[in-house]
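Novice: Just a sequence and a predicted model for now, questions to come.
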Amino acid sequence: MRKNILEWSLMKEMIETTTNLYRLGWDERNGGNISILLDEQELSRYLDVTCVLRKIPIDFDASKLARHYLLVTGSGKYFKNIKKSPEESLGIIRINETGTELDILWGFSNEGFPTSELPTHLMSHIARKKVDTTHRVVMHNHATHLLAMSFTHELSEKAMTKTLWKMCTECLVVFPEGIGIIPWLVPGTNEIGEITAEKLKEVRLVLWPFHGIYGTGKNLDDVFGLIETAEKAAEVYTYVKSQGGIMQEMTDEQLKKLAKQFKVIPRKGYI
């Protein structure tokens with residue numbers, strides 16, 4: 001007897017997280033998407049994985065994720081509605097053996113589809129799995145102050161990283177590898193997926209200028225906390241700039257002491 005999938009702790013966490021993201025204003029309307037790699041054995045307790053509801057073609061080679069299962073947010077679905085209609089707003093998919101099709105196993109009712117950013121998510125999962133065996137989650141949202149910084153701050157990865165590190169002491173500890181930045185590109189395309197995935201080979205956070213942020217990690221809490229920490233630093237930066245600019249800041253020497261204390265290795269050449 002299979003358990004109710006809506007009682008699955010991971011499903012509950014997904015619903016709680018998306019609701020919280022909407023509350024914070026980071027996922028207005030349908031602006032944002034999440035995907036989670038699932039364990040087949042765990043999933044099988046809640047779902048008959050042999051029952052395929054629909055098939056959808058993939059327009060790039062996803063064979064490196066063949067037979068992988070994912071919980072994904074839906075295309076055009078509002079995060080504010082996920083709590084009241086999860087089966088319409090979320091879905092569980094499987095990449096087929098050749099990486100050319102998606103099997104929809106649950107959700108996306110009323111002929112729904114996975115997020116239009118799915119190519120970027122799948123490419124990001126492939127990239128992160130190569131460098132982090134614990135990787136499971138990709139999260140994209142429009143964190144307000146990080147988005148604002150892309151208009152007013154130099155779009156240099158080193159400069160942006162050091163600004164965020166210096167705005168809040170915990171930032172260097174949480175993302176010592178820094179933040180990646182790509183050029184502005186049309187979302188939902190293979191091109192933006194490929195460039196984002198390339199950045200994710202070295203970092204866990206990638207800023208899409210004038211659009212939003214991509215974060216990756218081992219679980220929802222991990223990724224939410226990563227973006228939350230960078231966003232808090234960006235918010236502090238906004239306050240500092242509105243007060244007339246920086247009069248004092250953490251020095252590189254202080255950043256080195258911080259890294260030594262918490263046993264993290266800052267991005268080479270940044271401090």
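Specialist: That came through, no problem. None of these values were measured; they are calculated from a predicted model.

Novice: Show me the domain layout of the protein.
Specialist: Structurally, the chain divides into domains by automatic domain parsing as follows: 1-116, 117-271.

Novice: Save those domains as CSV, and put in mean neighbour count and mean pLDDT too.
Specialist: The C-beta positions use only the backbone N, C-alpha and C, and glycine is treated the same way. Shown next, in CSV, are the domains of the chain (neighbours: other Cβ atoms under 10 Å; pLDDT from 0 to 100):
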stretch, mean neighbour count, mean pLDDT
domain 1-116, 17, 95
domain 117-271, 18, 96
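
Novice: need the helices for the protein, in chain order.
Specialist: Secondary structure of the chain (DSSP state H): helices at 9-23, 40-44, 86-89, 118-131, 144-152, 157-167, 170-174, 190-199, 220-242, 252-262.

Novice: list the helices and strands the third one packs on?
Specialist: In terms of contacts (3 or more Cβ pairs under 8 Å, 6 or more residues apart in numbering; DSSP states H and E), helix 86-89 is packed against strand 101-107.

Novice: How about residue 36: which residues does it bridge to?
Specialist: Counting by DSSP bridges, residue 36 is bridged to residue 71, residue 137.

Novice: so it sits right up against residue 14, yeah?
Specialist: Yes - contact status for residue 36 versus residue 14: in contact at 7.0 Å, counting by Cβ atoms under 8 Å.

Novice: shared neighbours of those two, anything?
Specialist: Listed as contacting both residue 36 and residue 14 by Cβ atoms under 8 Å, 6 or more residues apart in numbering are 71, 220.

Novice: Find the residue closest to residue 259 in space, skipping its chain neighbours.
Specialist: In space, and not counting its chain neighbours, residue 259 is closest to residue 266: 5.2 Å by Cβ to Cβ, 6 or more residues apart in numbering.

Novice: Do me a favour and get the end-to-end distance for stretch 27-36?
Specialist: 17 Å (Cα to Cα, to the nearest Å).

Novice: ok, residues contacting that stretch?
Specialist: Counting by Cβ under 8 Å, 6+ apart, 10, 14, 17-18, 21-22, 26, 70-73, 75-79, 115, 117-118, 121-122, 125, 136-142, 212, 220 sit against stretch 27-36.

Novice: re earlier: so which of the helices of the chain comes closest to residue 99?
Specialist: Nearest to residue 99 among those is helix 118-131 (9.0 Å), distances taken as Cβ to Cβ.

Novice: any idea of the angle the closest one forms with strand 101-107?
Specialist: 100 degrees (axes from the mean of the first three to the mean of the last three Cα atoms, to 10 degrees).

Novice: can you pull the contacts of residue 177?
Specialist: Going by Cβ under 8 Å, 6+ apart, residue 177 touches 202-204, 267.

Novice: same thing with residue 158?
Specialist: Residues in contact with residue 158 (Cβ under 8 Å, 6+ apart) are 178, 267, 269-270.

Novice: Quick check: the gap between it and residue 270.
Specialist: Counting by Cβ to Cβ, to the nearest Å, the separation of residue 158 from residue 270 is 6 Å.

Novice: which neighbours do these two share?
Specialist: Residues touching both residue 158 and residue 270 (Cβ under 8 Å, 6+ apart): residue 178.

Novice: which ones are touching the residue nearest to residue 145 when sequence neighbours are not counted?
Specialist: Nearest residue to residue 145, sequence neighbours excluded (Cβ to Cβ, 6+ apart): residue 234, at 3.6 Å. Residue 234 sits next to 143, 145-146, 148-149, 164, 167 when contact means Cβ under 8 Å, 6+ apart.
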